[in-house]
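Asks: One predicted model, sequence on top.
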Amino acid sequence: TVAGALTAAATAREETRGCHWREDHPGTDDDWRVHLDVRLDDGGRLRLTRRPVGTPAGTAW
């Protein structure tokens, strides 16, 4: 589950930022200056949502 969450988030982020390096997207993009929250929905599927940097998660984990 954790490996799937990491892979889904890395695949979704179409830019290079920090230690996340994408050879197919070598530059940074300010549209991607967000947190990617990964959760399991009620059916057990991974769901990614974007949350602006500085915004609290809002929902208790």
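Replies: Arrived safely. Numbers count the residues shown, from 1 in each chain.
Asks: center of this structure, which residue is that?
Replies: In the chain, the residue lying closest to the centroid (CA atoms, centre = their mean) is residue 36, at 2.9 Å.
Asks: what's in contact with whatever helix or strand it lives in?
Replies: Element membership for residue 36 (DSSP states H and E) is strand 34-40. Strand 34-40 has contacts (CB atoms under 8 Å, 6 or more residues apart in numbering) with 1, 5, 8-9, 12-13, 46-53, 55, 57. For every residue, glycine as well, the C-beta is placed using N, CA and C.
Asks: so which of the residues you listed comes closest to residue 29?
Replies: residue 13 (9.4 Å; CB to CB).
Asks: I'd say the closest one and residue 20 touch.
Replies: Yes - taking contacts as CB atoms under 8 Å, residue 13 lies within contact range of residue 20: 6.3 Å.
Asks: ok, these two, which is more surrounded?
Replies: The residue with more neighbours, out of residue 13 and residue 20, is residue 13; 18 against 12, by other CB atoms under 10 Å.
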